[in-house]
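>>> Any chance you could fold what I've pasted below:
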Amino acid sequence: MAVPQETFNIRNEICIAASRDSASRSDSRARRRDHGLAVTHLKSVADIQFQALADGFYDLLLLDYGGIGARFGPDQGLDVLRYLKPVNPSLYILAFTARTFDASKADFFRLCDGVVKKDTGIRETLEQIEIHLAEVLTPAFQMQALGKALGLTSDQQEKLEKVVSEAASRTESREEAISAAKRLAKAGSEKVLETLVTKAIELGVVYITSGTQ
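Numbers count the residues shown, from 1 in each chain. Sure, this is the predicted structure:
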């Protein structure tokens with residue numbers, strides 16, 4: 001099922017965490033608008049924008065294995081991956097690498113949601129990104145991620161989905177949905193909670209408006 005075009009007008013934040021050498025293949029500026037995608041390039045995990053990945057601001061991350069700093073551990077990209085997955089389950093992480101597959105990197109490739117090779121042409125890369133975004137930019141995906149981030153039971157998940165669904169048809173109910181999520185939450189940060197609830201509502205509005213089920 002294709003994602004409604006309106007979706008890409010409200011949610012299309014892409015982040016590239018790659019080494020300085022890899023940056024030349026994208027853009028040296030910190031942020032740019034490319035083919036309808038808002039792209040941010042982080043040269044290391046020390047970048048001030050890195051926290052936005054954990055907070056749920058970005059929809060998709062292209063993550064390099066090496067050269068991005070050892071703040072989280074000696075395995076660099078793998079350690080970053082292990083950190084981000086639990087705190088922000090809604091972030092779709094693609095391995096961004098020119099390295100050939102070897103046994104020492106097996107966990108990195110296994111835990112990523114997909115792979116984009118650095119030597120892939122721009123058109124093919126964009127096609128791959130749009131395919132992955134189509135999986136991420138749905139209310140169902142965001143709600144599932146929210147449930148994981150907050151540690152919800154199936155019953156709590158169902159209750160929250162009803163509140164968010166109602167909020168999507170009544171824009172003034174956003175705060176009500178966020179409050180409901182906070183009451184149900186067992187874990188997760190408040191920033192991630194607010195961001196993911198807002199995403200789910202925005203996407204719900206798009207799907208209702210477009211008539212997509």
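>>> Tell me how far the closest residue to D113 other than its chain neighbours lies from R174.
In this structure, D113 finds its nearest non-sequential neighbour in Y92, 5.1 Å apart by C-beta to C-beta, 6 or more residues apart in numbering. In short, each C-beta sits where N, CA and C put it, glycine included. As for Y92, its distance to R174 is 24 Å (criterion: C-beta to C-beta, to the nearest Å).
>>> And L126, by the same measure?
Applying C-beta to C-beta, the value for L126 to R174 is 32 Å.
>>> Which stretches in this structure count as strands?
13-17, 31-34, 37-42, 60-63, 92-97, 114-117 (DSSP state E).
>>> one step back: residues in contact with the residue nearest to D113?
For Y92, the contacting residues are D59, L60, L61, D113, G114, H132, L133, E135, V136, by C-beta atoms under 8 Å, 6 or more residues apart in numbering.
>>> Report the contact partners of the first one.
For D59, the set of contacting residues under the criterion of C-beta under 8 Å, 6+ apart consists of R11, N12, E13, I14, S90, L91, Y92, L133, V136, L137.
>>> and if we set it to 10 Å?
By C-beta atoms under 10 Å, 6 or more residues apart in numbering, D59 lies in contact with 11-15, 37-38, 90-92, 129, 132-133, 136-137, 141-142, 199.
>>> Equivalent analysis for the second one, please.
By C-beta under 10 Å, 6+ apart, the contact list for L60 reads 11-16, 37, 91-94, 113-114, 116, 129, 132-133, 135-137.
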